[in-house]
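> Provided below for reference: sequence and predicted model.
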Amino acid sequence: MGARARLTTAVCAGACALLLSGAPTALGAQEAFVRVDQAGYPSQAPKRAYLMSNFDETGTPFAIRSSGGSTAASGTIGSSSGSWSESFGDVYTIDFDAVTAPGRYTVSVGGAAPAVSPEFEIATSASLYSAPLANALSFYENERDGPEFIPSALRTAPGHLNDEHAMTYATPKVNRNGGFKGDLQPLGQTIDASGGWWDAGDYLKFVETTSYTVSLMEAAVRDFPAELGTDAPADSDFLAESRFGVEWLLRMWNEETQTLYYQVGIGEGNKSTVGDHDIWRLPQEDDTWGGSNPADRYIRNRPVFRAGAPGSSISPNLAGRDAAAFGLCFQLQRVSDPGLAERCLKAGERIFALANTSHKGKLLTTIPYDFYPEREWRDDLELGASELAIALQDAPSGSLPSGLPHGEASFYLAEAARWAREYLKKARGNSETLNLYDVSGLADYELVRAMRAAGEPGGLDEDEAQMLAALGGELEGAVAQSHKDPFGFGFPWAEADTASHGDGLAAMAAEYDWLTSSQLYAAEEVDWLGNVLGANAWGVSMIIGDGSHCPSQQVANISGSLDGSPPVLAGAVVEGPSDESSSGFVEGMRECPPGWGDGGYGRFDGSGAVFSDNAQSYTTTEPAIDLTASSLLAFGWGAAGEPAPLG
């Protein structure tokens, strides 16, 4: 990174409100742009903005001005932190940590290419992140499937009621797009697969993504009760939503026959069948779609796919994720709903016991595998075992249900340490930071907490120091990456799921600092979250409602606004910048933006990364439940600063 901008401070005052719109500055002949965190900056946290320019701005004056016009701070621009593109040959950092008074502000830069940032807020952490958390809850509520839908401006009727009596099928052989030959083979058994959240810009439901989402949501509810739990305001209390998700996971597990089902619906059909991705419509239309046309039969009556024969081994990624979700369910529901807690604990332990721990080849994720190509599973088992250990540590002696495979927390603590060791041996060189495809960034943190709750027992395959070194090593890798990027982002912009990686990194930074009672990554926590929220080359937040988007999502496109005004799918995290944008019109899509352009963001593409604000560009603007999940932890940590005690 380049030299920090020099500033002097002045007094700032004024009322604050969260900035919920972040459309790009009008282009015209403007040659320089200031990018800021559009959700705002915590009063006592580091604060950084970025100036993009094709001029040498070293020594150029800047000022931080309140909404009333007074100057809160001023200084001069330091040296460049690097080049972004041919259009913007230099990026400069502007730091204004000393501005702490609550209020609304802008960053103004003078010189040959003057620029002014969007207005942003400085406020307490709790105040700043309350609206983003409320938005995130509204996103999940809008994603609800089945009879427990919640009416809103985007949702007027329940969807997929036929899932209540869905036929189960054997997994067919499919090509990389999900197409299959012939017909599906029914198993003769119907199940209630209703409920759950549909996943992304489609209406398919997956255990792979839902178990990940539920686990992160439950962990946030447990750790931050005043921000996301029962002590939170009603519009950001995620306890009921986490229960909604876990109840669908329980429906996908038959306790009596020990059978796991892992997917509802098909993405692609074949010459004689229509798949979900072939049509653009509201979810309530599916139950009667096409009348009696046999080609639409799997839209009206969606297939449920079985992971294996009753009692057979389970792909270890699914086993670990389900075990984590159910272990956390027990932690949350043990007192308030003992019956649900007991069901969760039994399911979590029995699924964990069926994990195929000698797995080779592709994991079972979805049909097709290429929709969600997870490669590593040891981290999933580490997380699942850690949550089961914490669950059993929480339970008073004699209160556990009968028939559990293991009633001792020590068994699962040893299992968690075992899988942490195996992950470090086999996968650490190719690991990712916290996201759908790698949960080690949460698993390591949970394992350390479980170790501490157990009194730091000896004889485990990994100890606390080794786990902290592992978590810190991933963060150091992100810091090294940030030094290569003029915006200081800890993950490459020209890859997939950039926004969720940024949120995951912010959560991991907070985890490590709390576990070590340090502030080693405090600046990175704020910066990486800020990168997602607008402090990036495009100057747009990757969270709808805190930015301006044409999301590649059917409900948002059909029922929502196309100009950023309400209603929008607020709180949803989109894919974010990637190495490519995508296109492909489906009949029924509403044109967004006008002319199917890139929304004006193409000018800011650089370093191999692109962002297209286009409803067809699912590679950059598709929201999903898993993409949004890490934002709950990031905002929870940002608002609370530390987790509630376990137990």
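Arrived safely, thanks for sending. Numbering: from 1, shown residues only.

> which non-adjacent residue is nearest Y92?
If you skip the residues right next to it in sequence, Y92 has L51 as its closest partner in space, 4.3 Å away by CB to CB, 6 or more residues apart in numbering. For glycine as for every other residue, the C-beta is placed from the backbone atoms N, C-alpha and C.

> so the one you found is in which element?
In the assignment (DSSP states H and E), L51 maps to strand 48-53.

> re earlier: just checking, the residue nearest to Y92 touches I94?
Yes. Taking CB atoms under 8 Å as the contact criterion, L51 and I94 are neighbours in contact, 6.1 Å apart.

> Contacts only, for A309.
If a contact means CB atoms under 8 Å, 6 or more residues apart in numbering, then A309 has T259 as its contacts.

> Tell me, what's the model's pLDDT at it?
With respect to pLDDT, A309 scores 97.

> on that earlier part again, mind checking how far the strand holding L51 is from the chain centre?
Averaging C-alpha positions (CA atoms, centre = their mean, to the nearest Å) puts strand 48-53 26 Å from its chain's average.

> Phi, psi for A136 please.
Backbone dihedrals for A136, given as degrees, to the nearest 10, come out at phi -60, psi -40.

> what's near enough to touch L340?
243, 247, 329, 333.

> related to what we said a few turns ago, need the overlap of contacts for L51 and I94.
Taking CB under 8 Å, 6+ apart as the contact definition, L51 and I94 share the neighbouring residues 34, 62, 77, 109.

> Helices of the stretch 501-647 of the chain, residue ranges please.
All helices of the stretch 501-647 of the chain, identified by DSSP state H, counting those that start in this stretch, fall at 522-532, 554-559, 618-621, 625-640.

> quick one: which of these is nearest P457?
Of all the helices of the stretch 501-647 of the chain, the one in closest proximity to P457, counting by CB to CB, is helix 625-640 (27.2 Å).

> same for that closest one, what does it pack against?
helix 125-128, helix 130-142, helix 207-223, helix 225-228, helix 498-515, helix 522-532 (3 or more CB pairs under 8 Å, 6 or more residues apart in numbering; DSSP states H and E).

> what's the closest of these to L434?
helix 498-515 (3.2 Å).

> Can you redo the helices and strands packed on helix 625-640 as a markdown table, where the extra columns are mean pLDDT, mean neighbour count and distance to D276?
Putting the helices and strands packed on helix 625-640 into a markdown table (pLDDT from 0 to 100; neighbours: other CB atoms under 10 Å; distance: least, CB to CB, whole Å) gives the following:
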| stretch | mean pLDDT | mean neighbour count | distance to D276 |
| --- | --- | --- | --- |
| helix 125-128 | 96 | 19 | 38 |
| helix 130-142 | 97 | 24 | 18 |
| helix 207-223 | 98 | 28 | 15 |
| helix 225-228 | 98 | 22 | 31 |
| helix 498-515 | 98 | 27 | 22 |
| helix 522-532 | 98 | 26 | 28 |
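
> Quick one, which of those helices gets closest to E256.
Comparison of these against E256 by CB to CB identifies helix 207-223 as nearest, at 18.3 Å.

> Report the inter-axis angle for the closest one versus helix 625-640.
Helix 207-223 and helix 625-640 are oriented at 10 degrees to each other (axes from the mean of the first three to the mean of the last three CA atoms, to 10 degrees).

> can you pull the contacts of A615?
A615 sits next to 550-552, 557, 589-592, 621 when contact means CB under 8 Å, 6+ apart.

> Sorry, wrong one. I was asking about N614.
Contacts for N614 (CB under 8 Å, 6+ apart) come out as 550, 552, 581, 583, 592-593, 596-599, 620-621.

> Am I right that T58 is in contact with I77?
Yes. Using CB under 8 Å, T58 is in contact with I77, at 5.9 Å.

> hang on, the earlier thing: out of the shared contacts of L51 and I94, who's nearest A453?
Each of the shared contacts of L51 and I94 was scored against A453 by CB to CB, and V34 proved nearest at 46.0 Å.

> what's the helix or strand for that closest one?
Assigned by DSSP H and E, V34 belongs to strand 32-35.

> for that strand, which positions count as buried?
32-35 (16 or more other CB atoms under 10 Å).

> what two of those are the furthest from one another?
Longest distance between any two of those is 10.7 Å, between A32 and R35; criterion CB to CB.

> which residues are common contacts for these two?
Both A32 and R35 are contacted by 51-52, under the criterion CB under 8 Å, 6+ apart.

> Show me what the helix or strand that comes right after the strand holding L51 is packed up against.
Under the assignment DSSP H and E, the closest C-terminal helix or strand after strand 48-53 is strand 61-66. The elements that strand 61-66 packs onto, with contact taken as 3+ CB pairs under 8 Å, 6+ apart, are strand 71-76, strand 103-109.

> Neighbouring strands - and their directions - for strand 61-66?
Based on DSSP bridges, the pairing partners of strand 61-66 within the sheet are strand 71-76 (antiparallel), strand 103-109 (antiparallel).

> right, so those: which one is the most enclosed?
For the strands paired with strand 61-66, the largest average neighbour count (mean count of other CB atoms under 10 Å) is found in strand 103-109, namely a mean of 22.

> ok, and what's touching that strand?
In this structure, residues lying in contact with strand 103-109 by CB under 8 Å, 6+ apart are 12-17, 19, 32, 34, 36, 49, 51, 57, 60-67, 72, 77, 94, 96, 99, 114-122.

> Of those residues, just the buried ones, PyMOL syntax please.
Only the buried members of the contacts of strand 103-109 enter the following PyMOL selection, criterion being 16+ other CB under 10 Å:
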select buried, resi 12+14+16+19+32+34+36+49+51+57+60+62+63+64+65+66+67+72+77+94+96+99+115+116+117+118+119+120+121+122
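
> Please, where are all the strands along the stretch 251-400 of the chain?
Assignment of strands within the stretch 251-400 of the chain using DSSP state E, counting those that start in this stretch yields the ranges 253-254, 259-264, 304-306.

> out of those strands, nearest to W528?
When the strands of the stretch 251-400 of the chain are ranked by distance to W528, counting by CB to CB, first place goes to strand 259-264 at 32.2 Å.

> could you say what helices and strands the closest one packs with?
Contacts of strand 259-264 with other secondary structure elements, assessed using 3+ CB pairs under 8 Å, 6+ apart, are made with strand 205-206, helix 207-223, strand 253-254, strand 304-306, helix 316-333.

> Give me the below-cutoff pLDDT ranges for the stretch 301-450 of the chain.
Confidence mapping of the stretch 301-450 of the chain against pLDDT under 70 gives the ranges 428-430.

> neighbours of Q263, just the number please.
One way to gauge burial is a neighbour count; for Q263, by other CB atoms under 10 Å, it gives 27.

> doesn't F305 make contact with it?
Yes. The pair formed by Q263 and F305 meets the contact definition of CB under 8 Å, at 4.5 Å.

> tell me, what's touching these two both at once?
In contact with both Q263 and F305: I367, using CB under 8 Å, 6+ apart.

> quick check, nearest of the contacts of N614 to A523?
When these are compared for distance to A523, the smallest value, 27.6 Å, is given by T620; criterion: CB to CB.

> OK, contacts around the closest one?
Shown in contact with T620 (CB under 8 Å, 6+ apart): 574-578, 581-582, 610-614.

> Contact partners for F244?
144, 148, 195-197.

> same thing with G441?
Taking CB under 8 Å, 6+ apart as the criterion, G441 is in contact with 433-434, 471, 474, 504, 507-508, 511.
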